[in-house]
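Trainee: Sequence and predicted structure below; questions after.
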Amino acid sequence: MSQELDALYQEIILDHYKHPHHKGLRDPFEAEVHHVNPTCGDEVTLRVHMADAPDGVLRVEDVSYDSVGCSISQASASVLTDLVIGKPVDEAMAIHESFLTLMQGKGNVEPDEEVLEDAIAFAGVAKFPARVKCALLSWMAWKDATLSVVGPVETLEESK
Amino acid sequence: MSQELDALYQEIILDHYKHPHHKGLRDPFEAEVHHVNPTCGDEVTLRVHMADAPDGVLRVEDVSYDSVGCSISQASASVLTDLVIGKPVDEAMAIHESFLTLMQGKGNVEPDEEVLEDAIAFAGVAKFPARVKCALLSWMAWKDATLSVVGPVETLEESK
Amino acid sequence: MTHELTGLLPELEVLRKDFPILSRTLAGGQPLVYLDSANTSQKPQIVIDTMVDHLERHNANVARAMHQLGAESSEAFEGGRDKVAAFIGAPSRDEVIFTKNASEALNLVANTLAWATGDLAIGAGDEVVITEMEHHSNIVPWQLLTERKGATLRWFGLTDDGRLDLSNIDDLITERTKVVSLTWVSNMLGTINPVAEIARRAHEVGAIVVVDASQAAPQLPVDVVASGADLLAFTGHKVVGPTGIGVLWGRREVLDRLPPFLGGGEMIETVSMQRSTYAGIPHKFEAGTPPIVEAVGLGAAVDYLSHIGMENIHAHEQAITAYALEGLATVPGLTVLGPLDATQRGGAISFEIDGVHPHDVAQVLDSRGIAVRAGHHCAKPAHQRFGVQSSTRMSSYLYTTPAEIDALVDGLEYTRSYFKLS
Amino acid sequence: MTHELTGLLPELEVLRKDFPILSRTLAGGQPLVYLDSANTSQKPQIVIDTMVDHLERHNANVARAMHQLGAESSEAFEGGRDKVAAFIGAPSRDEVIFTKNASEALNLVANTLAWATGDLAIGAGDEVVITEMEHHSNIVPWQLLTERKGATLRWFGLTDDGRLDLSNIDDLITERTKVVSLTWVSNMLGTINPVAEIARRAHEVGAIVVVDASQAAPQLPVDVVASGADLLAFTGHKVVGPTGIGVLWGRREVLDRLPPFLGGGEMIETVSMQRSTYAGIPHKFEAGTPPIVEAVGLGAAVDYLSHIGMENIHAHEQAITAYALEGLATVPGLTVLGPLDATQRGGAISFEIDGVHPHDVAQVLDSRGIAVRAGHHCAKPAHQRFGVQSSTRMSSYLYTTPAEIDALVDGLEYTRSYFKLS
Ligand SMILES: Cc1ncc(COP(=O)(O)O)c(C=O)c1O
Ligand SMILES: Cc1ncc(COP(=O)(O)O)c(C=O)c1O
């Protein structure tokens, strides 16, 4: 039983939980959202700041957040920010997509470490249906906030 | 199986069904009520006429009715009128009471022929829970109409 | 002779063994002839066993419970939703809402419309259109709604052979119409209504279309999209599932615009003393602990029906109905209420017999083990339309045999002789 | 040591055999330690068997069906009502209304009050009083009602030890108060509220009193008359009965004055195109096919509890609760939310552990086969009152053993060590 637990509570997850990255709400930001997990009450307030890089590509400049929740939801917010900050928005969305696929795969999806880095530690979470929502809370909030700025199709024009 | 049926459909009942007594709505009357069996749709409109006899006792002068329904409900209206017309209201209420007891007795109540006369033929109905309501439809209507005139306590004073 | 009927389900006697109650005997050792399936259907062993397994091994509350039993129970419960969604061709499982029965599903719509704002709001000058052949559960909610909101209730009439009278459709469905609500298959007359055609007209004027599929879901292949409905209701206990559960399907766009119905439990997003916000569909409309074991049973029920095939069940019903209409025609003084062409109707057949009240017919049949319904079948306006106060109704289902129809016809002959009509 | 506990039900191991699920093993062969009974209770074999017997031998629709199966089914269904009436001491069986769950029962009251006229009508200037410890199902309906009718919702606050703060009762319950609705036993804090005392005050000002007995009915002997309630709700699945059924009891005078809730089915007296009239209680509030097999199961459930004796069950709960409070007190960093005196509370105990989130607590416990609930338990305002976002809750029932409490306490120690807190 401890084995199963260990598959869920990977060392990386517990590290991010105890020492979350990029936590706190910061300026500037273009959008702020508040998401709740209705079943358990976990909450996150999340801000996104994006800007055009000199190469004309829209990039994630900052993701800041304030949250209450379990180890899984806290660690996943921390991992999210590590993964998307500094990336072009398109690429960040692709990372989101692949995290979502991993989480919804019921443990049958092989994570791509190239893309997901620390987030592969969440592979074990996918086997615990009740916890998938925890892992996805901040990711869904980030997507929601980002789309509210760039619109469903990410074109530079719409993003301003 | 025909035996069981015969216990329900006594000859007396079928006679009253085919040749109902006192049927039709007549004047004068002090109250008219309309009762429905919600489950099957059987209906009765019933009028009561009461008056003080020379001895000062309030008597049932007439009960007239118009009804649609099954053999049991039709026959029981006919039998009711035979039993109560001409009786002091108090005595008619007592007859009502004893018919009610018979019907709700699930077939375990011995009917008193003295009091119930033809109505003892309904003893078999008490074994068919779904049909008890049919047998009681007009009886309940009569009680309702009568009480609306005489009030819950039947005293001569209140009845006027 | 009866073996020559085409369309019957193969190996009917084997299929009947799936339904334990069908081998029961009644008073006097009479075998049961159950011809009251439009009232409620009997349950196959697999539905009962699935419910028992859930109660004995997986019982827990859903959604809120994170432990292993909770996960198992949630999976079984939501699996029921998936199966129902597949059964009716719902574009999304989230559009399937569990209610307590079809009546609640219909009332949910009428009730939330009472509090709706914007486009869906209903008030003075607005009209709701229903039909004269509706079940009370698709009449009373609309009477209450229109009365309370000062709107007007209008009715499609019926033709003498028991079909909807569509001659004045353009008069009935107008710019003032906000809702058209009608039954797909009549539980009294058996009529199958041209739902898609009426929906088309309703959509032209911007009305929403509510379909009562309580009698359709058991008998016909249902495709909610093809039906043209915006909202569609049916009930678990008529599709070989348990009581205590019904289904409301609705197009997401419509459901999203309706305000919540009952409050509490998992229908919330967050609750504070100041205000509450609500979950998305389907949870928004599922306050409190849902019918868990019932959803599990209903899932098994629709799987059972799908396994046999709704097309095959429909063909069986048509064969039995045709055979029954033929048999009933031989009984002197018997008049069928509703269409006489079996290919155009469902399996409920209501009739009258001159000189014997429906209660008395049902009583005599019951003494021979034959279960039919007598009364107004919760369709008083339709009875009134045909000038009758009540009727006797036989209704078949996938387990009905031609021999049971023979027993009914014999029973009716006997009824006539018992009441000395022949 | 645990054998010295007084108040435990005798022959607990024999009683546990009545509940098939309790002998289940979970992942890794762990035996089940079910401590989530406030969420939903497990079912004894007799309840399951009674439902199976009904489905296999007596299934038919009720009231409307006149045949033998219909009579058997109606008798079993109405027998369920009689048993429930006896269980709660209802003066009349007609005052017992079957709903789909406790949430619907509470919403039924709030919803019909929205359309009530006369005395019961609610509008601007009127007030509804609830408490900060309510389940969402006794909050949201009143938020919707007061919002929709322009009335005001007011709240009893809580003391630091998790009791109702009654110090401002005369300020809260005034001539403006139309309804006071409160829980008898809190599902989060375990608090038992002085319902009769509050009802007395409410009746002085002419308000009606609604009692949410969802957690009381499973644990305490309930006498509706002595409770002082005008209306009282509870749910089948928490009293060892099935899902899909709840109960609303109401005093006849109050129920008679409420307008109908859902329309259709057997709730009518007569229906015509012009207007409909409604049946008397209980049918007026039971639209559509009721939860038949569920009522039969609920009847068996309350009989089972009565057979054991609600006084004995209450004593058992108190003994287990006292033992659990003692055990929990030994876990470092653990804080119980709610009263600490077992004699004054129910069997649900919510707690926090410094440094471990409730989800994580529940997860570790689950890996040891121990089922508890983590989250807000549908009581967000109460959590907010205590400044916590969620908590872990253990809840016992008549089948809970002291050894299971030991397993919980061990599991919590292990949780702390797993998260390196000790
Ligand atoms: C105090 C209280 N009220 C109401 C409810 C709602 O019961 P149900 O979910 O069966 O409607 C519950 C249980 O969840 C409860 O504990
Ligand atoms: C056409 C129709 N609509 C609605 C209903 C109501 O279904 P329920 O009683 O399960 O709510 C029925 C069945 O009684 C029906 O036949």
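Mentor: Now that the structure is in, tell me what you want to look at. Just so it is clear, the structure is predicted and the values come from calculations on it, not from any experiment. Ligands and ions are numbered 1, 2, ... in the order given.
Trainee: send the alpha carbons of the longest helix anywhere in chain A over as PDB?
Mentor: For chain A, the helix with the greatest residue count under DSSP state H is helix A:129-150. Extracted C-alpha coordinates of helix A:129-150, given in PDB (Å, rounded to 0.1, in the frame of the first residue of the first chain):
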ATOM      1  CA  PRO A 129      -9.800   9.500 -10.500                       C
ATOM      2  CA  ALA A 130     -10.700  11.600  -7.500                       C
ATOM      3  CA  ARG A 131      -7.400  13.400  -7.500                       C
ATOM      4  CA  VAL A 132      -7.300  14.200 -11.300                       C
ATOM      5  CA  LYS A 133      -9.400  17.200 -10.600                       C
ATOM      6  CA  CYS A 134      -6.900  18.400  -8.000                       C
ATOM      7  CA  ALA A 135      -4.100  18.200 -10.500                       C
ATOM      8  CA  LEU A 136      -6.000  20.000 -13.200                       C
ATOM      9  CA  LEU A 137      -7.400  22.900 -11.100                       C
ATOM     10  CA  SER A 138      -4.600  25.400 -11.800                       C
ATOM     11  CA  TRP A 139      -4.100  24.200 -15.400                       C
ATOM     12  CA  MET A 140      -7.700  24.800 -16.200                       C
ATOM     13  CA  ALA A 141      -7.500  28.200 -14.600                       C
ATOM     14  CA  TRP A 142      -4.500  29.000 -16.600                       C
ATOM     15  CA  LYS A 143      -6.100  28.000 -19.900                       C
ATOM     16  CA  ASP A 144      -9.200  29.900 -19.100                       C
ATOM     17  CA  ALA A 145      -7.300  33.100 -18.200                       C
ATOM     18  CA  THR A 146      -5.100  32.800 -21.300                       C
ATOM     19  CA  LEU A 147      -8.000  32.200 -23.700                       C
ATOM     20  CA  SER A 148      -9.900  35.100 -22.100                       C
ATOM     21  CA  VAL A 149      -7.000  37.300 -23.400                       C
ATOM     22  CA  VAL A 150      -6.000  35.700 -26.700                       C
END
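Trainee: list the buried ones in that helix?
Mentor: The neighbour-count check on helix A:129-150 (16 or more other Cβ atoms under 10 Å in any protein chain shown) flags A:129-143, A:145-147, A:149-150 as buried. (Each C-beta comes from the backbone N, C-alpha and C, glycine too.)
Trainee: Count the residues that sit near residue C:308.
Mentor: By other Cβ atoms under 10 Å in any protein chain shown, 17 other residues sit near residue C:308.
Trainee: Let me see the contact set for it.
Mentor: Listed by Cβ atoms under 8 Å, 6 or more residues apart in numbering or on different chains, the contact partners of residue C:308 are C:9, C:15, C:398.
Trainee: same question, residue C:390
Mentor: Contacts for residue C:390 (Cβ under 8 Å, 6+ apart) come out as B:40-42, C:357-359, C:374-376, C:383.
Trainee: What distance do you get for it to residue C:408?
Mentor: 18 Å (Cβ to Cβ, to the nearest Å).
Trainee: Is the helix or strand of chain C with the lowest mean pLDDT in proximity to chain A?
Mentor: Among the helices and strands of chain C, strand C:268-271 carries the lowest confidence by mean pLDDT, DSSP states H and E, at a mean of 91. Yes: using Cβ under 8 Å from any Cβ of the partner chain, strand C:268-271 reaches chain A at C:268-270.
Trainee: before we move on, the earlier item: can you turn the buried part of the contacts of residue C:390 into a PyMOL selection?
Mentor: Only the buried members of those enter the following PyMOL selection, criterion being 16+ other Cβ under 10 Å:
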select buried, (chain B and resi 40+41+42) or (chain C and resi 357+358+359+374+375+376+383)
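Trainee: Switch the contacts of residue C:390 over to TSV; also include secondary structure.
Mentor: As requested, those are exported to TSV (DSSP: H, G, I helix; E, B strand; the rest coil):
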residue	secondary structure
B:40	coil
B:41	coil
B:42	coil
C:357	coil
C:358	helix
C:359	helix
C:374	strand
C:375	strand
C:376	coil
C:383	helix
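Trainee: Give me the neighbour count for residue 71.
Mentor: This is for chain A. 22.
Trainee: nope, chain C
Mentor: Neighbourhood size, residue C:71 [other Cβ under 10 Å]: 19.
Trainee: Ok, residue A:32 next?
Mentor: With other Cβ under 10 Å as criterion, residue A:32 counts 16.
Trainee: So residue A:94 sits against residue A:114, correct?
Mentor: No: assessed by Cβ atoms under 8 Å, residue A:94 is found out of contact with residue A:114, at 11.5 Å.
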